[in-house]
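>>> need a structure here:
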Amino acid sequence: MTLDDIRATMLDGRTKGIPGTTAPFALADIAGKGWNVLREDMPLPLMVLKRSALDHNAAVFGDYLVESNLSLAPHGKTTMSPQIFAEQLGHGAWGMSAATASQVQVMHAYGVKRVVMANQLLGRANVEAIAQMLAADPDFDFYCFVDSAAQLQNLARHLGRPARPIKLLLEAGVAGGRTGVRSLDAARHVADAIAAADPAAFRFAGVAAFEGVVPGLDKGTGPVGDFARFVVEVAQSLPPALYAGLDEFILSGGGSSYFDIVAEAFKSLKLAMPVRVLLRSGCYVTHDSGSYHAAQEEAKTDAHRHDHHPADLQPALEAWAYVQSLPEPGLAFLSMGKRDIPYDAGLPVPLKLYRPGVGFLPVGTATVFATNDQHAYVRLGEGAAWQVGDLVASGVSHPCTAFDKWRFIPVVTDQYDVVDGVLTFF
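Below is the predicted model:
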């Protein structure tokens, strides 16, 4: 990948997370600043990435993929950081996944050569952007989802005859869920439309799905297994002529909560050609302290899933903020809010308390129960002897809506020395 212009990006005191007294400098020089979060060298609030956790998660998930004979195209929408994309590809990812044409453009601009757009592609500007990338780069390999003949017609109308065909993954869905065909008959209708389409413009490549929005998950993981088996049934039901001549059939699914269930079901697909089971998990790289932590703990309690799940991922994201006010007994305010931390899938969880000049102290019982744009409301309980000016680190829930709050995120050691930084492109 080509990251030189990112490393050369100039940062200064106008950049959120950079000390206000800092003269312009290149990102590549950040380690030489000698900054440390605990010394208050950095302005808070601040989202940080723990280097040790990133490396740990890459190793754990990489081992899982090899041992399970799976491929990975991690969903780049999680981080939208080309530097992290490069690390994921360097650890063996087959490609990257994107959700929008603009995300595909960012990935391709920084040298990603294989992208799965895990979404429907349509609309003139979006289609023309993809066609331009295919024309400009003969090594660029592009896939997208299709779930209707109408979408395929929209694509064809704007695409014309591209330099190389767009590779199509027929998307399977579920009633009450998100996009994707709901029945075998609907899948066959889309398959017939693909077979009748211009082969210079389109090429069938396999079947894909997303299990994370299947209705009924609040009652257990049973619906995931049922859905995964339906996806396999869709793939098995397609006419062999549709994929005749392919080197492999791609069967893709797997968010960041139930990828193990999907992977085990997908392995049951038997065709007269190799099948690549392709996961698209994105949040494994940082994990979290909320929703994905809960999903991991759930997997640990299931005897079967425990044997097919890399259940020791570590949270790499921490949100640091000051205790800025203690206006009432049992109530504290942290200097971070909706502009800084995710709140859509659970509020932050205070994990650590550091008092300048003293060191780390017990955080005690502390619960974030509300947020405003720049404030977090915290209910204090037993053992929470917080003081104004203390530094509090909180774990976050849902990495996808953590990264999008920050253009720059420092990478730190376990001692909170700043050794690098990543930029995001949302």
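>>> use CA for all of it now, contacts and neighbours both
Will do.
>>> Could you pull up the residues touching the residue nearest to Val262 when sequence neighbours are not counted?
With sequence-adjacent residues excluded and distances taken as CA to CA, 6 or more residues apart in numbering, Val262 is closest to Ala228, at 5.6 Å. Contact partners of Ala228, counting by CA atoms under 8 Å, 6 or more residues apart in numbering, are 211, 261-262, 265-266.
>>> Where does Ala228 sit: helix, strand or coil?
Following DSSP: H, G, I helix; E, B strand; the rest coil, Ala228 is assigned to helix.
>>> What is the neighbour count of Val378?
Val378: 22 surrounding residues under other CA atoms under 10 Å.
>>> Just checking: what are the partner strands of the strand of greatest length in the chain?
Counting by DSSP state E, the longest strand found in the chain is strand 317-328. Paired strands of strand 317-328, with direction, are strand 46-50 (antiparallel), strand 331-334 (antiparallel), strand 391-395 (antiparallel) (DSSP bridges).
>>> nearest to Ala196, of the contacts of Ala228?
Phe266 (27.3 Å; CA to CA).
>>> contacting residues around that closest one?
So Phe266 contacts 228-229, 232, 251, 277 (CA under 8 Å, 6+ apart).
>>> ok, now Ala58?
By CA under 8 Å, 6+ apart, Ala58 lies in contact with 88, 91, 285.
>>> Where helices are concerned, which of those residues count?
Secondary structure defined by DSSP state H assigns Gln88 of these to helices.
>>> May I ask which of the contacts of Ala58 has the most neighbours?
Counting neighbours by other CA under 10 Å, Val285 comes out on top of the contacts of Ala58 with 28 neighbours.
>>> ok, it - contacts?
By CA under 8 Å, 6+ apart, the contact list for Val285 reads 54, 57-58, 316.
>>> what does the average pLDDT come to for the longest strand of the chain?
On average, the pLDDT along strand 317-328 is 98.
>>> all helices for the stretch 101-250 of the chain, in order.
Using DSSP state H, counting those that start in this stretch, the helices assigned to the stretch 101-250 of the chain run over residues 101-109, 124-136, 149-159, 184-196, 222-237, 240-243.
>>> How far off centre is the fourth one?
Read that as helix 184-196. Here helix 184-196 shows a centroid-to-chain-centroid distance of 30 Å under the convention CA atoms, centre = their mean, to the nearest Å.
>>> In that helix, which residues are buried?
Along helix 184-196, these residues count as buried under the neighbour rule (16 or more other CA atoms under 10 Å): 184, 186-191, 193-195.
>>> Name the surrounding residues that touch that helix.
With contact meaning CA under 8 Å, 6+ apart, helix 184-196 is reached by 146-149, 152, 170, 172, 181, 202-204, 233-234, 237-238, 242.
>>> Report the mean confidence score over that helix.
98.
>>> Same check on the first one?
Taken as a whole, helix 101-109 carries a mean pLDDT of 98.
>>> One more: the third one?
Helix 149-159 shows a mean pLDDT of 97.
>>> got the buried residues for it?
By neighbour count on 16+ other CA under 10 Å, the buried set for helix 149-159 is 149, 151-152, 155-156, 158-159.
>>> tell me the domain boundaries of this structure?
Residue ranges for the domains of the chain, per automatic domain parsing: 4-49+314-423, 52-305.
>>> Confirm Ser252 sits in a strand?
Yes. With three-state DSSP as the criterion, Ser252 is part of a strand.
>>> count of neighbours near it?
26.
>>> tell me the contacts of it?
Ser252 touches 207-209, 276-280, counting by CA under 8 Å, 6+ apart.
>>> residues in contact with Val411?
48-51, 418-422 are the contacts of Val411 under CA under 8 Å, 6+ apart.
>>> Which positions within the longest helix anywhere in the chain qualify as buried?
Taking DSSP H as the criterion, the chain has its longest helix at helix 51-68. Using 16+ other CA under 10 Å as the test for burial, helix 51-68 gives 51, 53-58, 60-62, 64-65, 68.
>>> Turn those into a markdown table, columns for pLDDT and distance to Lys300.
Formatted as a markdown table, those follow (pLDDT from 0 to 100; distance: CA to CA, whole Å):
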| residue | pLDDT | distance to Lys300 |
| --- | --- | --- |
| Arg51 | 98 | 25 |
| Ala53 | 98 | 20 |
| Leu54 | 98 | 21 |
| Asp55 | 98 | 22 |
| His56 | 98 | 18 |
| Asn57 | 98 | 17 |
| Ala58 | 97 | 19 |
| Val60 | 96 | 15 |
| Phe61 | 97 | 16 |
| Gly62 | 96 | 19 |
| Tyr64 | 96 | 15 |
| Leu65 | 97 | 18 |
| Ser68 | 96 | 17 |
